[in-house]
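Undergrad: coordinates for the following, if possible.
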Amino acid sequence: MKINRGIISFLVLAFLISVTTFAQTTKHTVAKGETITQIAQKYKVTPYDIYRLNPDAQAGIHENDVILVPVAGKITVAESKPKPSASKPAMHTAVAKETLYSISKMYNVTVDELKVANPFLSEGLKIGQVLKIPGGTAATTVAVSETKPKAVEVTRGATEQSAAKSGSVSFHVVEPKETKFGIAKKYGISVADLERQNPGIGQNLPVGYKLSIGATGSAPARTETVAETRGTAERSEAKPKPVTTEAITPSTDITDINRTVKKTGYANYEVKPKETMFSLTQMLGISEEELIKLNPTLKDGLKIGMILKVPGKGSMVAETSTNKSFEDLSKTISGKDRKQLVLLLPFNATKIQGDTLKTLATRLKKDAFLNMTLDFYSGALVAIDSAKALGLNIDVRIFDSEESKLSSNVANIVQNNKLQEADAVIGPFYQQHAEKVADLLSKNNVPVISPLSKESGKPYANLYQAMPTSDYSKSAVFNYMISKNGNIIVVSDPKKAANREFITQHFPQAKFVELDENGNLNAEKLKAMFVKDIMNYVVIDSERTGMILSTTNVLLNEMANQQLQLVIIEPNETLDFDEISMKRLTILKLLYPSLTRENESPESVVFENEYKKKNKIFPSQYATRGFDITFDTMLRLSQDKGFAASANDDKTEQVESKFDYAKKEDGGYINKGVYILQYNEDLSVKEAN
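TA: Residues are numbered from 1 along each chain as shown. Sure thing, here's the model as predicted:
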């Protein structure tokens, strides 16, 4: 494995400075619906501290943005009471899982008073909205301190513990998938004690809720500070969704299916194709009479997709599979011909050559695009090392594309470095520059892989879009529903005219529910569109809380009579609020498209461990993307048939992404690798089959 490092000497210096600079900070990937205030509360810092490191964040943050958060050793907290202002109303920024009721209790006002002060609430509460609090005062607030002796140390697992032996109160911040029983057991107290000390908690524990832990229990023996585990924290907060599992449907492509049954309490089980009452009773170890007693609707017959109450806890059936439709290209490597791979990455070194170490460190704090580039590059380096370990016969050359939205140096790089002789090129990042490289190399038919852009792209025969476009993600959901011979019903908000036009043009079989004169759902018209004995996929294309609630209410009430599943075709932040409970989404098995998946395979663990060993933190989404794109490309280059033929023939899956290139009608290729995922009632997520 030969690497021409050209710009690498600069990068090594920059990356070392980056690691040194971040020694007292951590990189946080913004989760869906998160606000600066919420992030500041998680890390026990002030919003000002975050804005100081991320000036651009003052203009707003979005899902998957990467920001810096200060972590200065042990962080301590102490409670203090705020001083209410009599001259002007208080302001409150809504965060995920808050409700009008919880906010009203926080400030000692009524829900009606909140609605009068904030007329826009008639459309429902949304993440990031700033509410006026009329004459209200908050009960308590948390002030950050680093010196007070009775403070609480923030420890691994988002827990905040005080010394139990001293009789003081400690705290615990709820993580995804934690239960009351598990938390109570950790601190040596009973569930009743936990509920008594936290009267505000309901049946379910909201993620991020801060629990008081009395002196009854003892703290866990081993603690690790946030500084020691910043990588773990970044990874868990960036992706708070449940663990991904795979839904198994009998198929000729599926082998090695294993099922294990647990019998403590009750669980939900989805009826699979070809299952019978006899096969279910044999698998569950109960009689047919017992199963019908738990599920009276079974008297009318067993149907595919029914959700049954069965003995067990959580997910009744744990299934694993090997899908033969994915090719393992590492098993068919050919080393006969030496190949050449080129990476064009936007380091923009010329802009910072005059920077001192101090100014470069400042730039690394502020320049999100440079950080994304370095993350992608660091993931690509792990892929190159992995390829070297496999003995791939490839030379890798890396160049600085010097790109911005408006300009790049790719034409000079192509002309002066004989890129016409390359076997594949990854990059640049911006779509228009990737198209320029594809144009310059089209006569030589050199594959150019656009790694990050979701734009549809111009029809160059040698251009490969590694990221599915937004329209393709939507199409993937509809194609899935059509493949299941489902009845597709769309509840479309009048504001979603572009989506309505897209659906009407490409999927005319989808039926739209007629709304009333005020743009609200007519429940009877929706129910009249259901079809018996087939799956009715109800696509909710609205961000209005009222419309989502009214639609899901109809579906929940009709589940006993119809086969129903809720669907969204693009991200919807409204679903993060407590007004739309997670329970109803899991019961309705929310179906949605995703470009990535959670992966706990041995290969994924190896990648994460190698990355952490090299960079002292867990990989970000861009680092993982850098690995996936680079490693997948190198494996395809190492096949006897070459990259182009492999891209045409072989469907592959790497750490987080899958690659299923298909030829577009107007020319070029697009990755069809979209995961269709759905919620389970045990709060896990699985790939729909």
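Undergrad: list the helices and strands the longest helix seen in the chain packs on?
TA: Counting residues, the longest helix in the chain under DSSP state H turns out to be helix 368-390. Secondary-structure packing of helix 368-390 (3 or more Cβ pairs under 8 Å, 6 or more residues apart in numbering; DSSP states H and E): helix 8-21, strand 66-70, strand 339-345, helix 357-366, strand 394-400, helix 602-615, helix 621-637. C-beta here means a position set from N, CA and C on the backbone, and glycine is covered the same way.
Undergrad: which helices and strands does the third one pack with?
TA: This means strand 339-345. Partner elements for strand 339-345 (3+ Cβ pairs under 8 Å, 6+ apart): helix 368-390, strand 394-400, strand 424-426, helix 621-637.
Undergrad: quick one, which of those is nearest to K484?
TA: When the helices and strands packed on strand 339-345 are compared by Cβ to Cβ, helix 621-637 sits nearest K484, at 28.6 Å.
Undergrad: can you check what angle separates the closest one from helix 368-390?
TA: Interaxial angle, helix 621-637 versus helix 368-390 (axes from the mean of the first three to the mean of the last three Cα atoms, to 10 degrees): 40 degrees.
Undergrad: what average pLDDT does the next helix or strand after helix 621-637 get?
TA: Sequence-wise, the next helix or strand downstream of helix 621-637 (DSSP states H and E) is helix 642-649. Across helix 642-649, the average pLDDT comes to 93.
Undergrad: report the buried residues of helix 642-649.
TA: Neighbour counts over helix 642-649 (16 or more other Cβ atoms under 10 Å) mark G642, F643, A644, S646, A647 as buried.
Undergrad: and which of these is nearest to F530?
TA: Lowest distance from F530 to those (Cβ to Cβ) belongs to A647, with 41.9 Å.
Undergrad: let me know whether that closest one touches R636 as I believe.
TA: Yes - with contact defined as Cβ atoms under 8 Å, A647 counts as touching R636 (6.2 Å).
Undergrad: helices or strands up against whichever strand or helix holds R196?
TA: R196 is part of helix 191-197, with elements assigned from DSSP H and E. Under the contact criterion of 3+ Cβ pairs under 8 Å, 6+ apart, helix 191-197 touches helix 180-187, strand 210-213.
Undergrad: export it as CSV, just CAs?
TA: Coordinates of each C-alpha in helix 191-197 appear next as CSV, following Å, rounded to 0.1, in the frame of the first residue of the first chain:
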residue,chain,number,x,y,z
VAL,A,191,-38.7,1.7,42.9
ALA,A,192,-41.1,3.0,45.4
ASP,A,193,-38.3,5.1,47.0
LEU,A,194,-37.3,6.4,43.5
GLU,A,195,-40.9,7.4,42.7
ARG,A,196,-41.4,9.0,46.2
GLN,A,197,-38.3,11.2,45.7
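Undergrad: show me the shaky parts of the stretch 351-500 of the chain.
TA: 353-358 (pLDDT under 70).
Undergrad: and for M306, the neighbour number?
TA: By other Cβ atoms under 10 Å, 17 other residues sit near M306.
Undergrad: now it: how far from L555?
TA: 15 Å (Cβ to Cβ, to the nearest Å).
Undergrad: circling back to that earlier point, centre of the chain to the helix holding R196, how far?
TA: 33 Å (Cα atoms, centre = their mean, to the nearest Å).
Undergrad: what does stretch 92-106 give?
TA: 24 Å.
Undergrad: residue boundaries of the helices in the stretch 451-600 of the chain?
TA: 470-483, 497-506, 523-527, 545-558, 582-587 (DSSP state H, counting those that start in this stretch).
Undergrad: what comes up buried for the fourth one?
TA: When burial is assessed from 16+ other Cβ under 10 Å, helix 545-558 yields the following buried residues: T545, M547, I548, L549, S550, T551, T552, V554, L555, E558.
Undergrad: please convert those residues to JSON lines, extending it with distance to S287 and pLDDT.
TA: Listed next are those as JSON lines, based on distance: Cβ to Cβ, whole Å; pLDDT from 0 to 100:
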{"residue": "T545", "distance to S287": "44", "pLDDT": "90"}
{"residue": "M547", "distance to S287": "44", "pLDDT": "91"}
{"residue": "I548", "distance to S287": "40", "pLDDT": "93"}
{"residue": "L549", "distance to S287": "39", "pLDDT": "92"}
{"residue": "S550", "distance to S287": "41", "pLDDT": "92"}
{"residue": "T551", "distance to S287": "38", "pLDDT": "94"}
{"residue": "T552", "distance to S287": "35", "pLDDT": "94"}
{"residue": "V554", "distance to S287": "35", "pLDDT": "94"}
{"residue": "L555", "distance to S287": "32", "pLDDT": "95"}
{"residue": "E558", "distance to S287": "30", "pLDDT": "93"}
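Undergrad: pop the domain breakdown of the chain in here.
TA: 82-139, 471-594 (automatic domain parsing).
Undergrad: tell me which of these is the most buried.
TA: Burial of the domains of the chain is given as mean neighbour count (mean count of other Cβ atoms under 10 Å); domain 471-594 ranks first at a mean of 17.
Undergrad: tell me how far it is from the chain's mean position?
TA: 21 Å.
Undergrad: now do stretch 590-606
TA: Offset of stretch 590-606 from its chain centre (Cα atoms, centre = their mean): 9 Å.
Undergrad: measure it end to end?
TA: End-to-end distance of stretch 590-606 (Cα to Cα, to the nearest Å): 32 Å.
Undergrad: equivalent analysis for stretch 521-540, please.
TA: 11 Å.
Undergrad: average model confidence for it?
TA: Mean per-residue pLDDT for stretch 521-540: 94.
Undergrad: what's the answer for stretch 66-83, then?
TA: Here the average pLDDT along stretch 66-83 is 49.
Undergrad: okay, buried residues for the helix holding R196 please.
TA: Counting neighbours by 16+ other Cβ under 10 Å, helix 191-197 gives D193, L194 as buried.
Undergrad: K686 in helix, strand or coil?
TA: On the three-state scheme (DSSP: H, G, I helix; E, B strand; the rest coil), K686 is labelled strand.
Undergrad: please tell me I have it right and it contacts L677.
TA: Yes - look at K686 against L677 with Cβ under 8 Å: they come within range, at 6.9 Å.
Undergrad: where does the stretch 1-150 of the chain dip in pLDDT?
TA: 1-24, 48, 52, 58, 71-89, 96-97, 123, 127, 136-150.
Undergrad: all strands for it, in order.
TA: For the stretch 1-150 of the chain, the strands defined by DSSP state E, counting those that start in this stretch cover 2-4, 25-29, 66-70, 76-80, 90-93, 130-133, 141-145.
Undergrad: strand partners (parallel or antiparallel) of the third one?
TA: Right, strand 66-70. strand 25-29 (antiparallel) (DSSP bridges).
Undergrad: and the angle for the strand it pairs with with helix 357-366?
TA: 30 degrees.
Undergrad: just the CA coordinates of strand 25-29, formatted as CSV?
TA: Extracted in CSV, the C-alpha atoms of strand 25-29 (Å, rounded to 0.1, in the frame of the first residue of the first chain):
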residue,chain,number,x,y,z
THR,A,25,-13.6,20.4,25.0
THR,A,26,-15.7,17.8,23.4
LYS,A,27,-17.3,17.6,20.0
HIS,A,28,-21.1,17.2,20.3
THR,A,29,-23.3,16.1,17.3
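Undergrad: how far out from the middle of the chain is that strand?
TA: The answer for strand 25-29 is 16 Å, by Cα atoms, centre = their mean.
Undergrad: same deal with stretch 615-634?
TA: Averaged C-alpha coordinates place stretch 615-634 at 16 Å from its chain's average position (Cα atoms, centre = their mean).
Undergrad: buried stuff in that stretch?
TA: Within stretch 615-634, the residues scored as buried using 16+ other Cβ under 10 Å are 615, 617-634.
Undergrad: point out where the stretch 201-350 of the chain drops to low pLDDT.
TA: 201-210, 214-268, 274, 282-283, 285, 312-324.
Undergrad: mind running it again at 90?
TA: Residue ranges of the stretch 201-350 of the chain with pLDDT under 90: 201-328, 330-331, 334-337, 348-350.
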